[in-house]
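*Asks:* below are the sequence and a predicted model for it; my questions follow.
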Amino acid sequence: MQMREMETLKHSDVNQAKKIDIRKTRVRWGEFLIESSLGLCAMISIFTTGVIIFILAQESLGFFEAVSPFDFFFGTSWVPLFEPSSYGVLPLLWGTMLITIGAALFAIPTGLASAIYLSEYASPRMRAVVKPVLEVLAGIPTVVYGYFALTFVTPLLRKMVPGLEVFNALSGAIVVGVMILPTIATLSDNALRAVPDSLRQGAYALGATSLEVTTRVVVPAGLSGVMASFLLAISRAIGETMAVTLAAGATPNLSLTFLESIQTMTAYIVQVSMGDTPAGGIAYQTLFAVAGLLFVITLILNIVSQWILSKFREVYE
Amino acid sequence: MSAINLLEESIVEKTAGESESIPSQTFPDEVILDIDNVSISYSGNPAVKHVSFPIAKNRITSIIGPSGCGKSTLLRSINRMNDFIDGVTVDGNFIYAGHNVYSSRIDPVEVRRNIGMVFQKPNPFPKTIYKNISWGPQINGFTGSMDELVEKSLRQAALWDEVRDRLHESALGLSGGQQQRLCIARALAMEPDILLMDEPCSALDPISTSHIEDLLFDLKSRYTIVIVTHNMQQAARISDYTAFLEMGDLIEFGITDQLFTRPNQKRTEEYVTGRFG
Amino acid sequence: MKRSPLELSNTNIQKRHRKARMFRLLCAGVTWLGAALLAILLIQITLDGIKWLDIQFLTSFPSRFPYKAGVKSALVGTLWLITMIAIVSIPIGVATALYLEELSHKGRIAKIVEVNIANLAGVPSIVYGIIGLAIFVRGLGFERSLVSGALTMSLLILPVIIIASREAIKTVPMSIRHAAYALGATKLQTAWAHVLPASFPGILTGVILALSRAIGETAPLIMIGALTYVAFLPEGPMDSFTALPIQIFNWVSRPQQEFHELAAGGIIVLLVVLLTMNATAIFIRHKTEKKLQ
């Protein structure tokens, strides 16, 4: 007890001796400096966006001084590198659309079915196997898919589809579809798994079968996430470069079938940069006009997809 | 304790909405922190309304009330922990060390250095027991012997004997009650002027709870403690002063014995006798 | 004979159950199709390329003659590139994530930066290539060097690193931050001593996944003009270079069967590099998680 008293005394002495000042007496310069530099790092991303837009806009404006925007957007012939030249972007745009439509026709049903299987039917052990497989599929470099298209898919298709050229939109569309499949499957799976079990149980309690629960309750409830995954995947397909460059060819045309060689916007950009194009010439500027168009299309798709996610996000918690 | 008995008639009972503070010359203890007409709201919704009462130095003050009455909110505002929650606005004064804690000239980091806090759920750092204690003093420029400080803090928190052989093992290996005492030791290592405790026993089993109550008893002569609790017996057992909050209003503040045995307000009586809440 | 309503609904239920079973089988089958495609792809590549894989393939420069050709310069170029990308992108990416999650005021500007980063992550890689060409190769005069390649790739994977790091930082419980703040720690002290170590495994995984994406990217390197035929090793950051995906692209583009097989060999090397990185990520994550327990 004596000891305790002593200790108490000592402590209150200390308390009295300790002069407490809670005012802002010093500026933490070191912290300020570090925080500012971290903030500067965060600004790099804004700066990057600014630079991308500035450069694409500046060079595209140079291009539009030589070529009227009307000819660019509505012209049906793309012959930029030879005389007489013609700068109608529609054939490239069509090539990109052909690949994207084909890829989406393949990847949307299969991706959604995989997502449904993963979230509604697969056991945890099965998920543990399938999810990594999808991740590996998503992590394979695109040039590998290009190789796969050229050396495996095309020869196989040529045996089945008569009249198929060596370079063709079909093969490109299929491998691009395989490439975007994991995006759709994993993102849609996340969206479906966010649907609370109480909704499923409610439907089962009404005597619905698993098919009815899935198609009438779960998928509609997770629709915003599913739609967003479609848009994101389509945006990837549009920007995809190597596989279509290798598989689909370098012939800009407005072909309606998947059997012929076509050229996408991305493949055109690669084609030009493979040659030694001098800076400042019109051919060099076409790169930026086409890339600018590509940037705007993918940006719109990404923004719409984010908007759908934030606008229609179902909050169940 | 005897000095407090002199007070009985001099404590001004508080009713909802009133805001005058107790004249300090009639308060028997040294006031270390004066809560003066404080209102707190979460994005416009009032959580605490015009609350005033003093915190006595080297005493335990408990804040009781039904859940959602704003007691935790009030406590977290004292050392500006509510700064980290979006949409919280605080009006009124917390007078501490001669300044309003919410004045723009005040450094909240300095406030928290002097007013420590123990949380509802034990939240040790995912590091060793030793580092849990030493980190606070270390970042605040402690120059003495760290080993001694760690030992002293753990002894004060009545944890030393249980962990002396495993100071360099992860704190996450401790039981819930031990983790909470570690959190108390961690706060004590800073030698806080005031120690705030937000329902420190609510996540613990009865045995751990009694451990911590014993500990508070030991600490009360050396530290100023403000404790939020939903357990009225606990408040009655350990505290010198009690504030009773309901729906954000301070219903009554007074000496604990008096508030529990002869409350001035009917609401208080109903609450402490268990007729509601 | 009239059927009772009950019987009618029984056949109805059987039909519905049959449909549900078929749907389930369909979904499972389609999912396994994905796995089957991966298997076919890997088997096909291995069959094509395995016979070219030997020490000579790894230690030779590219050549007009398939039997003399190798990936030496491409492999070394890729290793140079990935080291430089890591040096540039990891500090900036983690710093940005830390700033956005821990230090910035969660206001309009933070929201704008967040949307901006999400959009940057969706910009096609070839657009980054064009920007790299305009800024680094031409504008800043770095020519077709490793520096140009590394900086372009860093811009490309920065959003990925930032997003993954932010996710990892978000998983650190609030209570740990509050414990530190209540001890009078500043936000920066808290971030450095507690948030960063606790989110380290998650950040590491994200960083390695981002770097593996950079290793496989081909289009931006073609844009900035990484050479396809390089019979020397880069000795410094300003040297010109080639990289594995470029070399593979070059070989695939040739009509001859032998070069296609060389490409398959190159792909195997590339996939082994990727696999090693991912395995390292999993290993380190496993180890740090164990240590924290």
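*Replies:* It's in. Numbers count the residues shown, from 1 in each chain, chains lettered A, B, ... in the order given.

*Asks:* quick one: low-confidence parts of chain A?
*Replies:* For chain A, the stretches with pLDDT under 70 are A:1-18, A:276-279, A:313-317.

*Asks:* give me the most central residue, it.
*Replies:* What sits nearest the mean C-alpha location of chain A, by CA atoms, centre = their mean, is A:Arg236, with 4.2 Å.

*Asks:* ok, chain C next?
*Replies:* What sits nearest the mean C-alpha location of chain C, by CA atoms, centre = their mean, is C:Arg213, with 2.2 Å.

*Asks:* which residue does the stretch 151-293 of chain C have closest to chain A?
*Replies:* Nearest residue of the stretch 151-293 of chain C to chain A (CB to the nearest CB) works out as C:Gly216 at 2.7 Å. From N, CA and C alone the C-beta is placed, and that goes for glycine too.

*Asks:* distance check, that residue against C:Thr205.
*Replies:* As for C:Gly216, its distance to C:Thr205 is 17 Å (criterion: CB to CB, to the nearest Å).

*Asks:* the two: who's more crowded?
*Replies:* Set C:Gly216 next to C:Thr205 and count neighbours by other CB atoms under 10 Å in any protein chain shown: C:Gly216 wins out with 22 against 18.

*Asks:* and the more buried one, what does it touch?
*Replies:* With contact set as CB atoms under 8 Å, 6 or more residues apart in numbering or on different chains, C:Gly216 has these partners: A:139-144, C:245, C:270, C:274.

*Asks:* nearest to chain B among those residues?
*Replies:* Nearest to chain B among those: A:Gly139, at 30.4 Å, using CB to the nearest CB.

*Asks:* that closest one against C:Ala214, yeah?
*Replies:* No: contact between A:Gly139 and C:Ala214 fails when scored by CB atoms under 8 Å: they sit 11.8 Å apart.

*Asks:* between those two, which has more neighbouring residues?
*Replies:* Counted by other CB under 10 Å, A:Gly139 and C:Ala214 do not tie: C:Ala214 has more neighbours, with 25 against 16.

*Asks:* C:Gln247 versus A:Ala237, what's the distance?
*Replies:* A:Ala237 sits 26 Å away from C:Gln247, going by CB to CB.

*Asks:* whatever residue of the stretch 51-200 of chain B ends up closest to chain C: how many residues sit nearby?
*Replies:* Closest approach between the stretch 51-200 of chain B and chain C, counting by CB to the nearest CB: B:Arg113, at 3.1 Å. B:Arg113 has 23 neighbouring residues, counting by other CB under 10 Å.

*Asks:* I figured it hits C:Ala182, correct?
*Replies:* No: using CB under 8 Å, B:Arg113 is not in contact with C:Ala182; the gap is 9.7 Å.

*Asks:* hang on, the earlier thing: and A:Ala237 and C:Gln247? which has more neighbours close in?
*Replies:* With neighbours defined as other CB under 10 Å, A:Ala237 and C:Gln247 compare such that C:Gln247 has more, 32 against 28.

*Asks:* residues contacting that one?
*Replies:* Per CB under 8 Å, 6+ apart, neighbours of C:Gln247: C:62, C:71, C:73-74, C:228, C:266.

*Asks:* please repeat the previous calculation with a cut-off of 10 Å.
*Replies:* C:Gln247 is in contact with A:143, C:62, C:69-75, C:77-78, C:218, C:226-230, C:262-263, C:266, C:269-270, counting by CB atoms under 10 Å, 6 or more residues apart in numbering or on different chains.

*Asks:* chain center to whichever strand or helix holds it: distance?
*Replies:* Assigned by DSSP states H and E, C:Gln247 belongs to helix C:244-253. Centroid separation for helix C:244-253 versus its chain: 19 Å, with CA atoms, centre = their mean, to the nearest Å.

*Asks:* quick check: mean pLDDT of that helix?
*Replies:* Averaging pLDDT along helix C:244-253 yields 89.

*Asks:* rewinding a little: in ChimeraX, select just the buried ones from the contacts of C:Gln247.
*Replies:* Selecting the buried subset of the contacts of C:Gln247 in ChimeraX, with 16 or more other CB atoms under 10 Å in any protein chain shown as the burial test, is done by:
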select /A:143 /C:62,69,70,71,72,73,74,75,77,78,218,226,227,228,230,262,263,266,269,270
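
*Asks:* low pLDDT regions in the stretch 101-250 of chain C?
*Replies:* Within the stretch 101-250 of chain C, the segments meeting pLDDT under 70 span C:228.

*Asks:* for B:Thr15, give me the pLDDT.
*Replies:* Per-residue pLDDT puts B:Thr15 at 40.

*Asks:* nearest spatial neighbour of the closest residue to chain C within the stretch 151-300 of chain A, chain-adjacent residues omitted?
*Replies:* Closest residue of the stretch 151-300 of chain A to chain C, CB to the nearest CB: A:Gly239 (2.6 Å). Residue nearest to A:Gly239 in three dimensions, not counting chain neighbours: C:Pro124, with 2.6 Å by CB to CB, 6 or more residues apart in numbering or on different chains.

*Asks:* quick check: neighbours shared by B:Arg113 and C:Ala182?
*Replies:* Residues touching both B:Arg113 and C:Ala182 comprise B:79, B:136, B:190, B:192, with contact defined as CB under 10 Å, 6+ apart.

*Asks:* go ahead and confirm the third one touches B:Arg112.
*Replies:* Pointing back at B:Met190 there. Yes: counting by CB atoms under 10 Å, B:Arg112 is a contact partner of B:Met190 at 9.1 Å.

*Asks:* who's more crowded, the two?
*Replies:* A direct count of neighbours by other CB under 10 Å for B:Met190 and B:Arg112 places B:Arg112 higher, at 26 against 23.

*Asks:* my guess is the more buried one contacts C:Leu183. True?
*Replies:* Yes: using CB under 10 Å, B:Arg112 is in contact with C:Leu183, at 7.0 Å.

*Asks:* show me the common contact partners of the two, please.
*Replies:* With CB under 10 Å, 6+ apart, B:Arg112 and C:Leu183 have common neighbours B:190, B:192.

*Asks:* any idea which helix is longest in chain C?
*Replies:* Ranked by number of residues, the top helix in chain C under DSSP state H is helix C:5-49.

*Asks:* does the next helix or strand after it come close to chain A?
*Replies:* Heading C-terminal from helix C:5-49, the first helix or strand you meet, by DSSP H and E, is helix C:55-58. No: for helix C:55-58, no contact with chain A is found by CB under 10 Å from any CB of the partner chain; the gap never falls below 16.6 Å.

*Asks:* past helix C:55-58, which element shows up next along the chain?
*Replies:* helix C:72-98.

*Asks:* is chain B within reach of that next one?
*Replies:* No: applying CB under 10 Å from any CB, one finds helix C:72-98 separated from chain B by no less than 16.2 Å.

*Asks:* got the angle for that helix vs helix C:244-253?
*Replies:* Here helix C:72-98 runs at an angle of 130 degrees relative to helix C:244-253 (axes from the mean of the first three to the mean of the last three CA atoms, to 10 degrees).
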